[in-house]
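# Sharing a model that was predicted from the sequence below.
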Number of protein chains: 2
Amino acid sequence: MERMTRQRRAIEEAFAQAARPLSPAEILTIAVRAVPALGLSTVYRTLRAMEDAGVIVAVQLPGEPPRYERAGVAGAHHHHFHCRACDKVFDVRGCPGGLQRMLPRGFVLEDHSIVLEGRCADCRHAV
Amino acid sequence: MERMTRQRRAIEEAFAQAARPLSPAEILTIAVRAVPALGLSTVYRTLRAMEDAGVIVAVQLPGEPPRYERAGVAGAHHHHFHCRACDKVFDVRGCPGGLQRMLPRGFVLEDHSIVLEGRCADCRHAV
DNA sequence: ATGCTAATGGGAATGGATTCCCAATGTCAA
DNA sequence: TTGACATTGGGAATCCATTCCCATTAGCAT
């Protein structure tokens, strides 16, 4: 990625506006408003380049294809909330301690992830 | 699943012996010792039937294909440990509270999952 | 403005997990 | 023991996410 193109600008803009982890499909949906001809190939290609460059990081959730978010946000340790109604993922701050205590004897803890499931504010009363 | 076959018995036996969540491939590896001709189709078919019957539940980890474990084990609230060296998954008991406090305003918490990553006792010193 | 070439788009191809298909096999009620 | 039919095995087919291919388009250094 040596050149700044309209499509790349649109993708970066999508991350800036959403302020939450986005799937490739979500990114396409948002960025296509700025660049109607935008193709899914370009989204994937750009995401990979951005990830390699450390600009974004993958957010893996159980049983879900990966989302991506800006590395800056991920810089601070945080976790995620997955809305079961709209399928969107949100960042949540904070982290309960005491995980070390859950560890079986002899196991070494290197990292952890917590995923909260439920309904986001918008889907609070949705079916 | 109306009939008790050798292959189904071997699969149930695999769960009983392993006492940890197993992937379809792991189940095949273990159960094929009792039934050499066992096919992967049968493993998948049986897993689905067992899941539908509520005998086992799927264990979803971030970025991983599902494992399965007996529902009895899952009856008690617990979480999982994923060994980065051998890729095995283990149950861990306990759960830190305070997750409610991480929730953004207006969000409703329905469930959560915690995945610990690191090295199991066996891989403690592995490369 | 020009030219080199990186980047695009979209349809085809890939890869891994899972399901389907169906002739052969094995279970179990009678 | 027998027969109806549930179950099996394994190769083909499907599914979905992602990547590849390549002719066309368009940054950007000069």
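Perfect, I can see it now.
# per the record, what domains does chain A have?
A:6-73, A:76-123 (automatic domain parsing).
# Put together a markdown table for these, with mean pLDDT on each row.
Formatted as a markdown table, these follow (pLDDT from 0 to 100):
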| stretch | mean pLDDT |
| --- | --- |
| domain A:6-73 | 96 |
| domain A:76-123 | 95 |
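# would you turn those domains into a markdown table with mean neighbour count and distance to B:V43?
All C-beta atoms are positioned from the backbone trio N, CA, C, and that covers glycine. Converted to a markdown table, the domains of chain A look like this (neighbours: other CB atoms under 10 Å in any protein chain shown; distance: least, CB to CB, whole Å):
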| stretch | mean neighbour count | distance to B:V43 |
| --- | --- | --- |
| domain A:6-73 | 17 | 19 |
| domain A:76-123 | 16 | 27 |
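# quick one, which of these is nearest to DNA strand D?
Nearest of those to DNA strand D, taken as CB to the nearest atom of the strand: domain A:6-73 at 3.5 Å.
# Is that closest one positioned near chain B?
Yes: using CB under 8 Å from any CB of the partner chain, domain A:6-73 reaches chain B at A:58, A:60-63, A:66.
# In terms of distance to DNA strand C, which of these ranks first?
A:G63 (9.4 Å).
# OK, contacts around the closest residue in space to that closest one that isn't next to it in sequence?
Once flanking residues are discounted, A:G63 sits nearest to B:Q60: 3.8 Å by CB to CB, 6 or more residues apart in numbering or on different chains. Going by CB atoms under 8 Å, 6 or more residues apart in numbering or on different chains, B:Q60 touches A:62-63, B:66, B:113.
# follow-up on the earlier one: I'd like to know which of the domains of chain A lies nearest to B:R101.
Nearest to B:R101 among these is domain A:76-123; the distance by CB to CB comes to 6.4 Å.
# what secondary structure does the residue of chain A positioned farthest from its centre sit in?
Each residue of chain A has a distance to the centre, and by CA atoms, centre = their mean the biggest one is for A:R105: 33.2 Å. What DSSP: H, G, I helix; E, B strand; the rest coil gives for A:R105 is coil.
# Look up how far A:V89 lies from the nearest residue to it once chain neighbours are set aside.
Nearest non-adjacent residue to A:R105, counting by CB to CB, 6+ apart: B:A121, 6.9 Å away. Using CB to CB, to the nearest Å, we find B:A121 at a distance of 33 Å from A:V89.
# next one: A:P104
Taken as CB to CB, the span from A:P104 to A:V89 is 30 Å.
# And A:T42, by the same measure?
22 Å.
# Contacts only, for A:Q17.
Counting by CB under 8 Å, 6+ apart, A:Q17 touches A:I30.
# Let me know the helix or strand that the closest residue in space to A:A34 that isn't next to it in sequence is in.
Closest residue in space to A:A34, ignoring its immediate chain neighbours: A:A10 at 3.9 Å, by CB to CB, 6+ apart. In the assignment (DSSP states H and E), A:A10 maps to helix A:6-18.
# Now find how far off-centre that helix is within its chain.
In this view, helix A:6-18 has its centroid 14 Å away from the chain centroid, taken as CA atoms, centre = their mean, to the nearest Å.
# these two touch, right, the residue nearest to A:A34 and A:L38?
Yes: counting by CB atoms under 8 Å, A:A10 touches A:L38, with 6.6 Å between them.
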